[in-house]
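Enquirer: starting from these lines, generate the structure:
(chains A and B)
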Number of protein chains: 2
Amino acid sequence: MNSWLTIPIDSDFSIHNLPFGIFSIGKKAPRVGVRIGDFVIDLEQLRKFGLLAVPRNVCNQASLNAFINLGKKKTSAIRLQLQDWLVQEKSPLKKYFNQAFYPIESVKMHLPVKVGDYTDFYSSLEHATNVGKLFRPDNPLVANWKHVPIAYHGRASSIVVSGTPIIRPKGQIKPADSPTPIFSPTKEMDFEVEIGAIIGKNSVLGESISTAEAESYLFGLVLFNDWSARDIQRWEYQPLGPFLGKNFASSISAWVVMMEALEHFRTETPPQDPQPLPYLAFEGKKNFDIELSVRLNIDATHSHTISQTNFRYMYWNLAQQIAHHTVNGCNLKIGDILASGTISGPVAGSNGCLLELSMGGKQPIDAGNGLQRTFLEDNDTLIIEGYCEKEGIRVGFGEVSGKIVASH
Amino acid sequence: MNSWLTIPIDSDFSIHNLPFGIFSIGKKAPRVGVRIGDFVIDLEQLRKFGLLAVPRNVCNQASLNAFINLGKKKTSAIRLQLQDWLVQEKSPLKKYFNQAFYPIESVKMHLPVKVGDYTDFYSSLEHATNVGKLFRPDNPLVANWKHVPIAYHGRASSIVVSGTPIIRPKGQIKPADSPTPIFSPTKEMDFEVEIGAIIGKNSVLGESISTAEAESYLFGLVLFNDWSARDIQRWEYQPLGPFLGKNFASSISAWVVMMEALEHFRTETPPQDPQPLPYLAFEGKKNFDIELSVRLNIDATHSHTISQTNFRYMYWNLAQQIAHHTVNGCNLKIGDILASGTISGPVAGSNGCLLELSMGGKQPIDAGNGLQRTFLEDNDTLIIEGYCEKEGIRVGFGEVSGKIVASH
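Expert: Numbers count the residues shown, from 1 in each chain, chains lettered A, B, ... in the order given. Next up is the predicted model:
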């Protein structure tokens, strides 16, 4: 498939991708866009020109929720129609190119969805084991872990789009040598590499979703950075889980890659032993081969890759996560995000957070140019990138980035 | 203060209360109402008749969020105006009585707010100690408890209005005598008596709210039942906290009692020792004297009070909870709910859940008429009622009820 539009050969946003997002240009209100190469297509303009048969108040919204609510049949058809028009030489898009295609540098990206509930899973065996060793040396992998796709609810209000500065949070920290806590900006500012799944269909309170139906509830995926203040988290998390150590901010990438664009990159879930309960059984390839890398920019001239991992390593897959989340009747809504939990892999250099990479802050890592880091310092910028590539087809997520700024 | 309207002398909805809620009548769309005695006042009708100067699309909404967004100055003024009109003999309301006042039996109540994020605190010392003994006999009150107002994020999508049936959730349970979990409807269905605080003002991401400012972010309070499946919770909650054991449903009362209506019932917070960090210091009376009782209706003819407690017992007050929640920059939004955590007291019979009342299911409690319960059974109805009363003034919450129905 080749487009009449020039698309850089290594672009994440190839003709095979066509992700959706919310953008604004100049002083115009935010609206729905589709990314292709280095351009954004304005769907509200296409609607006005009569090219898109969607109701008003769908493409002129500040979130994708109304668009997603059109249903997968409709949104998939729109994506395929755009793909077709981007390939056809006699494309109706050409006539409106100047009015509906904007260079990516000229637009501002916004949070793509209005998030209802945000759930964070904990589905990487390697991450759970590594962190468990640091937090609970006597009990690293909790007995339930291989039976239960462990998750907790996170904060929706503080989810921000890539590029938003992250203010170093303050809070209670208990130094090892003190009997009581102190109040301080976190000294252990960390990131977590995750994939976030955007829910695409409402489920009914009281009803469960099977693993076979589960993927029909997914609209698409984004990159997700679950910023974490480890010292705050360590002191607060017993007995009810993380709270202020996490809820000051989470960042997501601006473009939502539809599940259809990821079909080509399905892969097997790693073996599960012991076999989980029947409601978690599944058939087929339910993991996705998404290459993930983490770069740390200490200043404008130093960029250093500090981790490379892959979404394929996850022990629990998306279908299992959804089946588990709803097995008790809990309902999912359009715009909810299910994050994967930190993605660490079994190979060297594949740990998805600094807590693991620096062994709990004990072994500084190379940050490039002779510099080192245990945790993030003020003015550091952390960038997660992700893409799939197979048989010459590339579908990527762009990036999710955030610069740490000093506490107020 | 006396109204020209007949209000039953023991009504929770006295002239001193005037709570807000969302109701519908017949096939009309849900809208904003105020409760007085056994009537609901239709604010959308009052607006149409020119008695309320509020924008369109505020009182004709299916949630109070747009109404709350008018700001406390405006919403308080509306409440005081209504109070005045309900007292004045020459009231403009009398002319529209037939068109704007409905008997409570004739309306259907809806969820009063669209909940953005729901946070559940754990602020009762007695509850934390009692439950800690059952879940962690070696470590009942975790070391952080008297320093940190412990909380976790709960599920917003499954919060339902009083009267909604509660389907018994299914999930993983690990029997003590089995090496592996089984799949089953919960055998330990429980309630938790809580008060929910409805956030009335958006805060800014990255900024903290002091204890002195905190109450200005509160719109009002509701009764809150944090339904819990103890066996599911026990197996899943380590290391990241409760998830499926809680997120199948939480119920709230239909009428939001404004903070102004509760001023008269302020009381001291119990002594805090050790003294918490300075950001948690506060001045003045920050607890509220709200009598709470729990009734179990096993069938239409048996109703038995199984607990009586009081919101005044809470160790951490609302101002401290808000200051803690935002100390790291986490933002609050209109419609968010901060629940108190189970309210247990220091006196006999004041435990706020069956887990405590039945000592973890080991000592059945009297359910009236010679019947007993450890946990809730199918077709049991659980009703929490709450009210303040002092110097002849009564301000109440009505009730939050839910009937347990069998798993699908």
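
Enquirer: which residues touch the closest residue to residue A:148 other than its chain neighbours?
Expert: Closest residue in space to residue A:148, ignoring its immediate chain neighbours: residue B:236 at 5.3 Å, by Cβ to Cβ, 6 or more residues apart in numbering or on different chains. Every C-beta, even on glycine, is put in place using the N, C-alpha and C of the backbone. Applying Cβ atoms under 8 Å, 6 or more residues apart in numbering or on different chains to residue B:236 gives the contacts A:144, A:148, A:150, B:171-172, B:242-245.

Enquirer: with residue A:2 instead?
Expert: Taking Cβ under 8 Å, 6+ apart, one finds A:15, A:87 in contact with residue A:2.

Enquirer: am I right that it is in a strand?
Expert: No: according to DSSP: H, G, I helix; E, B strand; the rest coil, residue A:2 belongs to no strand; its state is coil.

Enquirer: need the per-residue pLDDT for it.
Expert: Per-residue pLDDT puts residue A:2 at 92.

Enquirer: relative to residue A:34, how far out is it?
Expert: 18 Å (Cβ to Cβ, to the nearest Å).

Enquirer: tell me where the stretch 1-150 of chain A has strands.
Expert: A:20-24, A:31-36, A:39-42, A:101-103, A:108-110, A:118-121 (DSSP state E, counting those that start in this stretch).

Enquirer: how about a markdown table for the ones you listed, with mean pLDDT, distance to chain B and mean neighbour count added?
Expert: Conversion of the strands of the stretch 1-150 of chain A to a markdown table gives the following (pLDDT from 0 to 100; distance: least, Cβ to the nearest Cβ, whole Å; neighbours: other Cβ atoms under 10 Å in any protein chain shown):
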| stretch | mean pLDDT | distance to chain B | mean neighbour count |
| --- | --- | --- | --- |
| strand A:20-24 | 98 | 18 | 23 |
| strand A:31-36 | 98 | 21 | 26 |
| strand A:39-42 | 98 | 26 | 24 |
| strand A:101-103 | 98 | 28 | 16 |
| strand A:108-110 | 98 | 14 | 17 |
| strand A:118-121 | 98 | 8 | 26 |
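
Enquirer: and of those, who's closest to residue B:130?
Expert: strand A:118-121 (28.9 Å; Cβ to Cβ).

Enquirer: mind putting the contacts of residue B:236 in TSV, pLDDT included?
Expert: Output for the contacts of residue B:236, formatted as TSV (pLDDT from 0 to 100):
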residue	pLDDT
A:144	97
A:148	98
A:150	98
B:171	98
B:172	98
B:242	97
B:243	98
B:244	98
B:245	98
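
Enquirer: pick the one among the residues you listed closest to residue B:259.
Expert: For the contacts of residue B:236, the nearest to residue B:259 is residue B:242 (28.4 Å; Cβ to Cβ).

Enquirer: so who does the closest one touch?
Expert: A:152, A:240-241, B:152, B:154, B:228, B:233, B:236.

Enquirer: which helix or which strand is home to the closest residue to residue A:252 other than its chain neighbours?
Expert: Leaving aside its sequence neighbours, residue A:252 sits nearest to residue A:222 (Cβ to Cβ, 6+ apart; 4.6 Å). If you go by DSSP states H and E, residue A:222 is part of strand A:218-225.

Enquirer: look up phi and psi at the residue nearest to residue A:148.
Expert: phi -100, psi -20 (degrees, to the nearest 10).

Enquirer: pLDDT weak spots in chain A?
Expert: For chain A, no stretch has pLDDT under 70.

Enquirer: domain parsing for it?
Expert: A:20-110, A:118-405 (automatic domain parsing).

Enquirer: was I right about residue A:123 contacting residue A:319?
Expert: No: between residue A:123 and residue A:319 there is no contact under Cβ atoms under 8 Å: 11.8 Å.

Enquirer: tell me where the stretch 201-350 of chain A has helices.
Expert: A:211-214, A:230-236, A:318-326 (DSSP state H, counting those that start in this stretch).

Enquirer: which helices and strands sit right next to the longest one?
Expert: Applying 3 or more Cβ pairs under 8 Å, 6 or more residues apart in numbering or on different chains; DSSP states H and E, we find helix A:318-326 packed against strand A:151-154, helix A:211-214, strand A:337-339.

Enquirer: can you name the residue of the stretch 301-408 of chain A nearest chain B?
Expert: Nearest to chain B, among the residues of the stretch 301-408 of chain A, is residue A:328, at 3.7 Å (Cβ to the nearest Cβ).
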